[in-house]
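Student: Pasting a predicted model and its sequence here:
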There are 2 protein chains.
Amino acid sequence: MTTEYGAAPLNLNLTTALAEFLARVEFDSLPEDVRHEGRRGVLDWLGCAIAGSTHPTITRLLNVLTALNGAPTATVIGDGRRLGLLEAPIANGQMGHVLDYDDTHMDGVILHASSPVLAALLALAETRRVSGAAFLRAYAIGFEVGVRAGQSAPRHHEGGWHLTGTLGTLAAASACGSLLGLDARQLVHTMGIAGTQAAGMQQNRGTMCKSFHAGKAASNGVLSALLAAEGFDSSDEILEGKRGFSRIYSVEQDVDRLLDGLGERWLITTNGYKPYACGVVQHALIDAMILAAEQCQDALPSVERVVARVNPRVVRITGVEDPQTGLKSKFSLKHSAAVAFLDGNAGIPQYSDARATADDVVELRSRIEVVAEPEFGPNEAAVDVWLTGGQHISARIPHASGTAENPLSDAAIERKFLSNAVPVLGDERARAVIAEVAALDRADDVSQLMRLLALAGT
Amino acid sequence: MTTEYGAAPLNLNLTTALAEFLARVEFDSLPEDVRHEGRRGVLDWLGCAIAGSTHPTITRLLNVLTALNGAPTATVIGDGRRLGLLEAPIANGQMGHVLDYDDTHMDGVILHASSPVLAALLALAETRRVSGAAFLRAYAIGFEVGVRAGQSAPRHHEGGWHLTGTLGTLAAASACGSLLGLDARQLVHTMGIAGTQAAGMQQNRGTMCKSFHAGKAASNGVLSALLAAEGFDSSDEILEGKRGFSRIYSVEQDVDRLLDGLGERWLITTNGYKPYACGVVQHALIDAMILAAEQCQDALPSVERVVARVNPRVVRITGVEDPQTGLKSKFSLKHSAAVAFLDGNAGIPQYSDARATADDVVELRSRIEVVAEPEFGPNEAAVDVWLTGGQHISARIPHASGTAENPLSDAAIERKFLSNAVPVLGDERARAVIAEVAALDRADDVSQLMRLLALAGT
């Protein structure tokens, strides 16, 4: 550090210090060699681009981009405006994940597959006639690829990646490839083009970027499949290759999982649905705290101390101690435990800014001790609650509600849908969506479903 | 493996085997639990998306996506059609890199910064009035962020990433943020949104995806800056954070490089330009082989044996032994050495399909032995050539031409530009571009430049 930033405040982080400097740069203060090199760089690069503009790869690319361009074909859910085929999936994918309420696959990976996959498929299904059968097949295929890619890279999550961004890109792309009826070679390229766009960092947990990952994965997926359909190619071993996905996104590989049991157990059948509006790893503890609250003798119990026991990974990824916003509170195990005990629920209202800073919640959070239990499964939790009156309550949850072992019923999923959809679509239209989805296997044209989602209110 | 693929040919790779299976799946053959879970998943996810559709994050996102949508504002270079603001940068960025002829920064990272940065800036500059000064300032800022991010993650390339995709996304985004006049906080978020999209795998070397990385980085960069301008947020320590860029994209960190010497030495001033149409790591050997050929006593020398000595990294990343296509031949050190000796050049014609499989080239490639020299710098090479007549020639290049230590002259850059641009734009228009770029510091409106590039031919 030899600049004026030597005197920067100690709490100024590096990215901010860099941005502070860059935001202040004036062109007039740049040395002439910077300007000169800028002009040289522009000229040299323009020449390369002009020469490259006639390359056959660019012709293929332009065929796809031109077809995409300027055609607002895809409906924005719950709104009704239409956006382009790269833009609408970003919006729909992000809105599917923004409340952390969407389905979660937990078979060795934690993947919210539907936000990337369905946001991609629904947009693509508005550009051509797609049957419900083809749609559901593509949806199942998205799970196969996303989950298996994750299983082939066992330490992928531990490496700092947000799997719904990375695996979601592979899943959405493969689902779109299936919807387009691509052959095996084109599907290989679809995965190759998708894998090379796979991104999303856990560093962005608690920010708007987290749910953006899901939307971007959907958009990347659409683009990947359309490019592969046009003959755009890629490595043919993007998943298992020497510098493939399982190697560079994980320090450990288990590539046999890519094919193991293929066609026998379909991974979509072990998908889980969230009863609570936060990360699924917290659900067992929420179940346990609700169970504990139900056992209180006192209607307004005063808690002296809580000891919560969960899998160590849960502590690591939801360790926010004292969240100041609703968004941050979704990543606070203590917050989830506190609202579950106080409110008997962990729905959207429990993760509001108001609840994150409410006195009763803050007070109870401070009395909770979290213990990492290496023997506990990821969906297992136990609590001991000591009340000031002397009562001691224990509760233990072997499998969180909404997991494959303790699944939500069809009726519970419909109730959850109505509570989510009625405030936006109204009761009649929300029930029409339920009926349309129930008959999806036989639907001639999936875009009918999007028309029901296109206009807000009733 | 308990499926019909147990009997797959041994040479069928895993990604292909998976794709072969998926391409054959029929909806009618899927078990009812797959269909049932599909319907449940669609319904549950739609509810989450509908509920999420009114979230303030989605409002911000939609403001940006709606503004982007359906507006073909950005010119495709050398073609003239216009595409949307997410699409045109993909095309222009990829065409800038598709010939592997674009500029290369080599200060500890190998980054082709201009393809992502300029493709992003030029598209954005067509949506608002941008002065040449603001444009060149943004261009220089792109280098600062891209190169410094790479320097902060020293083993990033070794990890299997294509830096023009990953660092290119950060560079393009920061440049666009500068062009939009964002403040420091918005620039932090621009980098945060960009970092979380950073991708591109070396596994895709030799395929259409490699240059696609540059285009996608440009498009991601535009989107990142526009989102940050709208108040979209991110982690405020995307580069140095515990799960930030330097940690998860590299097994080693050197985050002091983010700020070291900031404003003293501008990194754009050490940018390098390629005299040859292949990866810059091969250029020293090409120089050496051209020098050796010039020393031959015989006009048509017959080579018995060549020993080429280069830095070990060069061997690792350009080790294709016997390329069968022009594209693959760019990643073959032996091919580059052979054509350099035979043709006295390594331009676009030397990397054609025809030259990759020509008898004289194949023959000479087979006589070349490559030795990794740990003490050699990345732009250093030496050759010994033994001719059948008995002559022994040695040549040694301490710094490849086109590097910062042995830079191309302004005249050489203009000659390269003309050879690239005249076949597409014609002589008059190509010279008009040279004049426009030479006066860029004083230009009122950069989009004037794009108008010169908008129509092919003369």
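Tutor: Sure, I can see it.

Student: Point out the residues in the stretch 251-400 of chain A that sit beside chain B.
Tutor: On the criterion CB under 8 Å from any CB of the partner chain, chain B has as its neighbours in the stretch 251-400 of chain A the residues A:255-256, A:258-264, A:266, A:268-269, A:271, A:273, A:348. Glycine gets a C-beta too; all of them are placed from N, C-alpha and C.

Student: Tell me the spatial nearest neighbour of residue A:371, not counting adjacent residues.
Tutor: Distances taken as CB to CB, 6 or more residues apart in numbering or on different chains place residue A:309 nearest to residue A:371, at 4.8 Å, with adjacent residues excluded.

Student: give me phi/psi at residue A:74?
Tutor: phi -110, psi 130 (degrees, to the nearest 10).

Student: now swap in residue A:104 and tell me
Tutor: Torsion angles at residue A:104 (phi, psi; degrees, to the nearest 10) stand at phi -140, psi 120.

Student: on that earlier part again, and the residue nearest to residue A:371, how many neighbours does it have?
Tutor: Residues within reach of residue A:309, counting by other CB atoms under 10 Å in any protein chain shown, total 21.

Student: what's the answer for residue A:411, then?
Tutor: Other residues close to residue A:411 by other CB under 10 Å number 8.

Student: Out of the residues of the stretch 251-400 of chain A next to chain B, the closest to residue B:400 would be?
Tutor: residue A:255 (38.3 Å; CB to CB).

Student: Which members of the residues of the stretch 251-400 of chain A next to chain B are positioned in strands?
Tutor: residue A:271 (DSSP state E).

Student: Which ChimeraX command selects the buried ones in the residues of the stretch 251-400 of chain A next to chain B?
Tutor: In ChimeraX, this line selects whichever of these come out buried by 16 or more other CB atoms under 10 Å in any protein chain shown:
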select /A:255,258,259,260,262,263,266,268,269,271,273,348
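
Student: can you pull the contacts of the most centrally placed residue in chain A?
Tutor: Closest residue to the average C-alpha location of chain A: residue A:164 at 3.9 Å, with CA atoms, centre = their mean. Counting by CB atoms under 8 Å, 6 or more residues apart in numbering or on different chains, residue A:164 makes contact with A:97, A:111, A:112, A:113, A:115, A:116, A:200, A:213, A:214, A:217.

Student: change it to 10 Å
Tutor: Applying CB atoms under 10 Å, 6 or more residues apart in numbering or on different chains to residue A:164 gives the contacts A:93, A:96-97, A:102, A:104-105, A:109-116, A:146, A:171, A:200, A:210-211, A:213-214, A:217.

Student: Check which helix or strand residue A:290 maps to.
Tutor: Secondary structure assignment for residue A:290, by DSSP states H and E: helix A:283-294.

Student: Quick check: mean pLDDT of that helix?
Tutor: Averaging pLDDT along helix A:283-294 yields 95.

Student: Flag every buried residue along that helix.
Tutor: A:283, A:284, A:285, A:286, A:287, A:288, A:289, A:290, A:291, A:292, A:293.

Student: helix or strand right after that helix?
Tutor: The C-terminal neighbour of helix A:283-294 among helices and strands, as given by DSSP H and E, is strand A:303-310.

Student: residue ranges of the helices in the stretch 351-458 of chain A, please?
Tutor: A:353-356, A:359-366, A:410-425, A:427-438, A:447-452 (DSSP state H, counting those that start in this stretch).

Student: what packs against the helix holding residue A:290?
Tutor: Judged by 3 or more CB pairs under 10 Å, 6 or more residues apart in numbering or on different chains; DSSP states H and E, the packing partners of helix A:283-294 are strand A:303-310, helix A:312-317, helix A:333-343, strand A:368-372, strand A:381-387, strand A:392-397.

Student: chain center to that helix, what's the gap?
Tutor: Counting by CA atoms, centre = their mean, to the nearest Å, helix A:283-294 is centred 25 Å from the centre of its parent chain.

Student: Also stretch A:67-84?
Tutor: Per CA atoms, centre = their mean, the centroid offset for stretch A:67-84 relative to its chain is 21 Å.

Student: May I have it exported as CSV, CA atoms only?
Tutor: Output of stretch A:67-84 as CSV, limited to C-alpha atoms (Å, rounded to 0.1, in the frame of the first residue of the first chain):
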residue,chain,number,x,y,z
ALA,A,67,-34.1,-14.8,-32.9
LEU,A,68,-34.2,-13.9,-29.3
ASN,A,69,-34.0,-10.2,-29.8
GLY,A,70,-36.8,-7.8,-29.4
ALA,A,71,-39.4,-10.4,-29.0
PRO,A,72,-41.1,-10.0,-25.6
THR,A,73,-42.6,-13.5,-25.7
ALA,A,74,-42.4,-14.6,-22.1
THR,A,75,-44.8,-13.7,-19.3
VAL,A,76,-43.6,-12.3,-16.0
ILE,A,77,-45.5,-14.3,-13.3
GLY,A,78,-48.0,-12.4,-11.2
ASP,A,79,-47.5,-9.3,-13.2
GLY,A,80,-48.3,-10.0,-16.8
ARG,A,81,-45.8,-7.9,-18.7
ARG,A,82,-43.8,-9.8,-21.2
LEU,A,83,-40.1,-9.8,-21.5
GLY,A,84,-37.5,-11.4,-23.8
